[in-house]
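Enquirer: Quick check, what structure comes out for this input:
(one chain, ligands or ions: 1)
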Amino acid sequence: MKPSLRPSFTRPWPCIASNFSTFFFQLPTPLTHARNITQIRHRHIHSSPSPPPPPQLASSPPPLLPLFLRPPEYTTTVSDLLEWHSWAKSLAASIGSSFEDSDNGPDSTLLCRELNWLMEDVLDGSDPSLMHKAVARDDPDTIISLKADVQELYSLWKQRIDERRPFQYIVGCQHWRDLILCVREGVLIPRPETEIIVELVGDVISKDEGLREGLWADLGTGSGAIAIGIAKILGNYGRVIATDLNPVAVQVASFNVERYSLQDKIEVREGSWWEPLKGVEGKVAGLVSNPPYIPSDDISGLQAEVGRHEPRLALDGGAEGMDDLLHLCNGAASMLKPGGFFAFEVFRRQAATVDLCSVAEVQQNAYAYSHLFEPKPIRVLHPS
Ligand SMILES: C[S@@+](CC[C@H](N)C(=O)[O-])C[C@H]1O[C@@H](n2cnc3c(N)ncnc32)[C@H](O)[C@@H]1O
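Expert: Residues are numbered from 1 along each chain as shown. Below is the predicted model of the structure:
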């Protein structure tokens, strides 16, 4: 697996550990006349300094097309872009560790890193050396192409800081494994820890041709991350059904599937858990899912980016966080063919409960996977 170029800032639920990139976009030294702006230091926490000049805040609906895929149809001067960047950097710096202290949110170092990624996406396709040359020539009027209007950039960065809108929704994508997946409001941002489900599948299919050539299902597919990851490692073999109850997720997953030209390999179906798999009972080689597993009462304590912006349907697993997980464990046996495989992401404490509650009738090769734990076999309680 190629490492993700831009690992997510997003903390594993419920925001325990951080995992972010050391990649920096090297911004050229600000032009002389823009330096004044960098001197501005705003110390208001949770509120934003006024940008120079005051932006016309565009209310942009969440784009389906990620920033990096948009055509570079806007132009601006190097000085205007650097002025925005200086304002945005000041705003990020004003946050210090206040978000981190309140709910383990991003600190200003991470926000500055995101700002560089935003620059990278908005400049993508235009010649970055133009910026360097303009700076070297001290030519602030050089025109460069952008993928978003500068006023939109002001608006987006205010949303990032003031509303704690997740960075991935701002740019419309998440780097995950070797994929760049489109995401938008209504769809869970795929997490780094979930990448391991694809690794587990890679391990089992390398040892079992039957699994490699069989039918796989990713239940609650969200952006389609796991389904696409599996389809890619299956190569010319097997196929995948990706399901979700949420029509926005179905739309986004379908978009991502098409972007990777996997329409012939992955079928995206809308419906609740087992319902879209009617007709393939007993025929599925492998089942995977990262179901909602956060206990309802814990949702309000989540990092603002998660609790305020990510879909509750993707997070809330009921009183103990086990509602969907148990439903999946109980149904897995009738869906899987003998020797089938399943892997569900769960919390460590839930893995123990799954072990006890599971009525999986599959023969071996069944795993509950907790990202805080080693994968462990689920006890077969009723071997058929
Ligand atoms: C934790 S998210 C996982 C998304 C994606 N698989 C990932 O790992 O990034 C759980 C997903 O389950 C979906 N979901 C919730 N209830 C569902 C149900 N009853 N049937 C099918 N999908 C459901 C949500 O819409 C959400 O996309």
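Enquirer: what number of residues lie near Val306?
Expert: For Val306, the neighbour count with other CB atoms under 10 Å is 24. For glycine as for every other residue, the C-beta is placed from the backbone atoms N, C-alpha and C.
Enquirer: Against Asn104, how distant is it?
Expert: Distance from Val306 to Asn104, counting by CB to CB, to the nearest Å: 10 Å.
Enquirer: Repeat that for Ile233.
Expert: For Ile233, the distance to Asn104 - CB to CB - is 33 Å.
Enquirer: for Asp264, same thing?
Expert: Taking CB to CB, one finds Asp264 at 42 Å from Asn104.
Enquirer: These two - which one has more neighbours?
Expert: Neighbour tally, Asp264 and Asn104, criterion other CB under 10 Å: the higher count belongs to Asn104, 19 against 9.
Enquirer: Please look at that one and Gln303 and confirm they touch.
Expert: Yes - using CB atoms under 8 Å, Asn104 is in contact with Gln303, at 5.5 Å.
Enquirer: Within range of the ligand, give me the residues from this protein.
Expert: 188, 190, 194, 220-223, 225-226, 243-246, 249, 272-273, 290-292, 313-314, 324 (CB under 6 Å from any ligand atom).
Enquirer: rerun at 5 Å
Expert: Residues of the chain lying close to the ligand by CB under 5 Å from any ligand atom are 188, 190, 194, 220, 222, 225, 244-246, 249, 272-273, 290, 313-314.
Enquirer: Helices - which of the residues you listed land there?
Expert: Judged by DSSP state H, the residues of the chain next to the ligand include Ala225, Ala249, Leu313, Ala314 as members of helices.
Enquirer: which non-adjacent residue is nearest the first one?
Expert: Nearest residue to Ala225, sequence neighbours excluded (CB to CB, 6 or more residues apart in numbering): Pro190, at 3.9 Å.
Enquirer: Which members of the ones in helices among the residues of the chain next to the ligand are classed as buried?
Expert: The neighbour-count test (16 or more other CB atoms under 10 Å) marks Ala225, Ala249, Ala314 as buried among those.
Enquirer: The first one touches Asp178, doesn't it?
Expert: Okay, so that is Ala225. No - with contacts counted by CB under 8 Å, Ala225 stays clear of Asp178, the gap being 11.6 Å.
Enquirer: so where is the protein shaky, pLDDT-wise?
Expert: The model of the chain has pLDDT under 70 over residues 1-63, 124-132, 348-349, 351-384.
Enquirer: Which helix in it has the most residues?
Expert: helix 78-95.
Enquirer: What is that one packed up against?
Expert: Helix 78-95 is packed against helix 35-39, helix 108-123, helix 128-136, strand 143-146, helix 150-162, with contacts defined by 3 or more CB pairs under 8 Å, 6 or more residues apart in numbering; DSSP states H and E.
Enquirer: Send me the fourth one as CSV with only the CA atoms.
Expert: In this case it means strand 143-146. C-alpha atoms of strand 143-146 as CSV (Å, rounded to 0.1, in the frame of the first residue of the first chain):
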residue,chain,number,x,y,z
ILE,A,143,-1.8,36.9,-12.5
ILE,A,144,-2.2,33.3,-11.5
SER,A,145,-5.0,30.8,-12.1
LEU,A,146,-7.0,29.3,-9.2
